[in-house]
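Participant: From the sequence below, what's the structure:
(chains A and B)
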Number of protein chains: 2
Amino acid sequence: MYGLISRIDVHPGQRDSLADILLEGLTGLPGCLTYVVAKDSANPDALWVTEVWDSQASHESSLSLPSVQAAIAKGRPMIAGFSERTVTEPLGGHGLASEPAS
Amino acid sequence: MYGLISRIDVHPGQRDSLADILLEGLTGLPGCLTYVVAKDSANPDALWVTEVWDSQASHESSLSLPSVQAAIAKGRPMIAGFSERTVTEPLGGHGLASEPAS
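Facilitator: Numbers count the residues shown, from 1 in each chain, chains lettered A, B, ... in the order given. As a prediction, the model looks like this:
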């Protein structure tokens, strides 16, 4: 499995809009086992995305899907930067979807 | 929903053992929607745990469950510290279990 833990810093006031875009773009992602979008409870301009994929290749392939390309294009102006981005190797756990997002 | 993103620093060579303990302790956690244990790909002594609970109260209640108490007691000597711990408010996504871990 392949994992990513990212903190996205958004321009002030745009966090909810970016979260909506990310959540809308989640349909039909082959190999996506977890994709959770969360607000940072202490920082009003930070959003966390935690992802688990069956492989790094599935994650990379997803980036060229039309729905993901559209989400990136729509969301990019709201993003100030990625202040943290950690690549992980998930070992297991609870809440790993057995079916692709649909 | 209530979320936690934690980086656990382990004493050298003990990461796999701690991961096993954490994964074993996952059974029967009411309100637990996601609990993923992952190795940091760049740091051999770091483990990430990403959690989503239906409420902060469910998370707090879990800490007094016998299985969790046992996992804490067993794992504590392997832990050097928590270098990151972020509380989040998950908004949604893919891979949120609708059933408790069992």
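Participant: Show me which residues of chain A are close to chain B?
Facilitator: A:1, A:3, A:5, A:7, A:19, A:23, A:26, A:29, A:32-42, A:48, A:50, A:52, A:86-97, A:101 (Cβ under 8 Å from any Cβ of the partner chain). Any C-beta I mention is one placed from the backbone N, CA and C, and that applies to glycine too.
Participant: In strands, which of those residues fall?
Facilitator: A:3, A:5, A:7, A:32-40, A:48, A:50, A:52, A:86-94 (DSSP state E).
Participant: How far does the helix or strand of chain A with the lowest mean pLDDT sit from its chain's centre?
Facilitator: When the helices and strands of chain A are compared on mean pLDDT, DSSP states H and E, helix A:66-75 comes out lowest with a mean of 92. In this view, helix A:66-75 has its centroid 12 Å away from the chain centroid, taken as Cα atoms, centre = their mean, to the nearest Å.
Participant: quick one: contacts of that helix?
Facilitator: If you take Cβ atoms under 8 Å, 6 or more residues apart in numbering or on different chains as the criterion, helix A:66-75 is touched by A:L18, A:I21, A:L22, A:E24, A:G25, A:T27, A:G28, A:L29, A:S62, A:L63.
Participant: Report the buried members of those.
Facilitator: By neighbour count, with 16 or more other Cβ atoms under 10 Å in any protein chain shown, the contacts of helix A:66-75 hold A:L18, A:I21, A:L22, A:G25, A:L29, A:S62 as buried.
Participant: how close does the fifth one get to B:L18?
Facilitator: In this structure, A:L29 and B:L18 are separated by 30 Å, where distance is defined by Cβ to Cβ, to the nearest Å.
Participant: now swap in A:A80 and tell me
Facilitator: 35 Å.
Participant: quick revisit: show the buried residues in the residues of chain A next to chain B.
Facilitator: So, by 16+ other Cβ under 10 Å, the buried ones in those are A:1, A:3, A:5, A:7, A:19, A:23, A:26, A:29, A:32-41, A:48, A:50, A:52, A:86-88, A:90-97, A:101.
Participant: Grab the nearest non-local neighbour of the most centrally placed residue in chain A.
Facilitator: By Cα atoms, centre = their mean, chain A has its centre lying nearest to A:V49, at 4.4 Å. Leaving aside its chain neighbours, A:V49 sits nearest to A:S6 (4.8 Å; criterion: Cβ to Cβ, 6 or more residues apart in numbering or on different chains).
Participant: Count the neighbours of that neighbour for me.
Facilitator: Residues near A:S6, counting by other Cβ atoms under 10 Å in any protein chain shown, number 15.
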